[in-house]
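Colleague: just the structure for this:
(one chain, ligands or ions: 1)
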Amino acid sequence: MNETLRIQQSHRSIRSYKPDPVSDAMLDQIIAAAHRAPTSMNAQDISLIVVRDAEKRARIAELSGGQAWIAQAPVFIVIAIDYHKTDLGVRKAGQAQIVHESMEGFGVAAVDAGIALGTLITAAESLGLGIVPIGSIRRNPQDMIDLLGLPPLTFPLVGLCIGHIKDDVLPKPRMDINTFRHDERYDASGYAAAIDAYDMEIMDYWKQIGRSDGTTWSGNLGNFYKQVYFPQVKPVAAMQGLLNDK
Ligand SMILES: Cc1cc2nc3c(=O)[nH]c(=O)nc-3n(C[C@H](O)[C@H](O)[C@H](O)COP(=O)(O)O)c2cc1C
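Modeller: Predicted coordinates for the structure are as follows:
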């Protein structure tokens, strides 16, 4: 196995960080990797906002529902959809941008943001740093927009904590790979049995790492997916001009 595959296959999210800063040289390399990542139509419809200021990170931790690791990790990167940037190009070409009002537009930007996130993760982990992605910045998106000075046609989609690992953690098991990989044709026939097995495996995992509050995979999803868990996304995205109605 080569080094890149080894790093990717040993991924685990880290929620305990040392106070040591991430050097400028490391951070520049991590961001340069994501800057080179592909985007749909070369739209470059993503911006990263790098937050190192401790007070700002503490505020983001609070806005994200009290996630202490955001305040603890020395670097927090927000990945924002940026249809403001593309709008300038479209206007320069004498056209009116409409794509940001469509499902296609939100989907494409979310894919591009996901590629940037994955690239940042591999780059940071390759330098021996720990990371944890943070979707909970969408809990209070308007406050995030105000805090970061994001203009119309932008939206803070996901964040990433980066720092030096304090307490490492055992990699979390995944559901059977046959529920993920389908050859030639989708096949869900093994899902129910695989979910039963995974629910047991994940309870064992919580026991191994001493987490008494851990729940099964299905129980955890049941708690979240029975509702729209970040209901502010739709109205705040609409106020930003990302209408998602076409
Ligand atoms: C888009 C995205 C958003 C996430 N949001 C959060 C979050 O807000 N807080 C958190 O502690 N972990 C968050 N995670 C981390 C997941 O909980 C974690 O990746 C998952 O449980 C699998 O564990 P592992 O990364 O250790 O393998 C997020 C992960 C992704 C990919």
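
Colleague: show me the longest helix that occurs in the protein.
Modeller: helix 103-126 (DSSP state H).

Colleague: mind giving me the packing neighbours of that one?
Modeller: helix 3-9, helix 24-35, strand 46-51, strand 75-82, strand 130-134, strand 154-163 (3 or more CB pairs under 8 Å, 6 or more residues apart in numbering; DSSP states H and E). Glycine gets a C-beta too; all of them are placed from N, C-alpha and C.

Colleague: those residues of this protein touching the ligand, which are they?
Modeller: 11-13, 15, 67, 132-136, 158, 172 (CB under 6 Å from any ligand atom).

Colleague: one step back: give me the contacts around the longest helix of the chain.
Modeller: 3-4, 7-8, 11, 29-31, 33-34, 36-40, 43, 45-46, 48, 77, 79-83, 99, 130-131, 133, 157-158, 160, 162, 237, 242, 244, 246 (CB atoms under 8 Å, 6 or more residues apart in numbering).

Colleague: got the angle between that helix and strand 75-82?
Modeller: Inter-element angle recorded for helix 103-126 and strand 75-82: 160 degrees (by axes from the mean of the first three to the mean of the last three CA atoms, to 10 degrees).

Colleague: how close does the closest residue to Ile209 other than its chain neighbours get to His35?
Modeller: Excluding the flanking residues, the one nearest Ile209 by CB to CB, 6 or more residues apart in numbering is Leu170, at 5.8 Å. According to CB to CB, to the nearest Å, Leu170 and His35 sit 33 Å apart.

Colleague: of those two, who's got more company?
Modeller: Taking neighbours as other CB atoms under 10 Å, Leu170 and His35 compare with His35 leading, 12 against 9.
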